[in-house]
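Participant: Make a model of this:
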Amino acid sequence: MRMVQCTEYKNHFYDADKHSSCPHCAKLGLASSAPEKKGLFGRHKEEPAPPAPAYDPGDDKTVMLTNVLHEEDMQEEPAPAPVEEQIKNVAVSGAAEDVKTVALYGFDDDSDTEPVVGWLVAVSGEEKGKSFDLKSGKNSIGRSGNGTETDVSLDADHTVSRGTQAILIFEPKKKQFLLQTANGSSLVYHKDELLMNYAMLSAYDKITVGETDMLFVPFCGDKFSWEESK
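Facilitator: The predicted model follows:
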């Protein structure tokens, strides 16, 4: 399609690829009175009007509709919030209890070593004889799955529900160990008593999850701490 403007009536436009003259003027009986051009062999049709001028980006009076932007489209996207603020806005659920803060106690910055503060040792069930390292902060206990990885993963005990069932915490300031329930489906026992909220742990306390009995073996405490070994 090549739209041109009528030379007689400026408010008329027509497709020069389909018409050699303005069809609107022809319908209204306003055909151009300009003489037909004659060639060497007689009359011939008038040459079609020149194409409409191309869009000139430098012409501030001509605006391409496709280039018109709404004000809201021109607004810049807001910058992402700082990492610290994003962390504060994350809701912690039972499945997210795996997040933990680890004090490196003077270890090299490029070292992946997390100092051990104690162990859980399975003494019955499918995991019997297996030990699990405990780190400073929170240690999740359960069975890995459903997008959740647990620190003490009792994968061989299928009576344990997937996800975090309990959390064993080492609080470095007071050098205390605590056992806390999570939002899991499996019951957790401390010294054969149902754990309803949390309990303080002592050396060789028994912890039961599913059909697995584990003994708690502390390493840090009154006799040793990584902070004092700097």
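Participant: Give me the phi and psi for Lys27.
Facilitator: In terms of degrees, to the nearest 10, the main-chain angles of Lys27 are phi -70, psi -30.
Participant: what residues go with each domain of the chain?
Facilitator: Structurally, the chain divides into domains by automatic domain parsing as follows: 1-60, 94-218.
Participant: JSON lines please, covering the ones you listed and showing mean pLDDT.
Facilitator: As requested, the domains of the chain are arranged in JSON lines below (pLDDT from 0 to 100):
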{"stretch": "domain 1-60", "mean pLDDT": "63"}
{"stretch": "domain 94-218", "mean pLDDT": "87"}
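Participant: For these, give me JSON lines that also has mean neighbour count.
Facilitator: Glycine gets a C-beta too; all of them are placed from N, C-alpha and C. Output for the domains of the chain, formatted as JSON lines (neighbours: other C-beta atoms under 10 Å):
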{"stretch": "domain 1-60", "mean neighbour count": "12"}
{"stretch": "domain 94-218", "mean neighbour count": "17"}
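Participant: how about a markdown table for the ones you listed, with distance to Trp226 added?
Facilitator: Listed next are these as a markdown table, based on distance: least, C-beta to C-beta, whole Å:
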| stretch | distance to Trp226 |
| --- | --- |
| domain 1-60 | 68 |
| domain 94-218 | 4 |
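Participant: Which among these is found nearest to Glu228?
Facilitator: When the domains of the chain are compared by C-beta to C-beta, domain 94-218 sits nearest Glu228, at 9.3 Å.
Participant: For the residue nearest to Ser144 when sequence neighbours are not counted, list the residues it contacts.
Facilitator: Counting by C-beta to C-beta, 6 or more residues apart in numbering, Ser144 lies nearest to Ser153, which is 4.8 Å off, once chain neighbours are set aside. Going by C-beta atoms under 8 Å, 6 or more residues apart in numbering, Ser153 touches Phe132, Gly142, Arg143, Ser144.
Participant: Ser153 and Cys6: what is the separation?
Facilitator: 82 Å (C-beta to C-beta, to the nearest Å).
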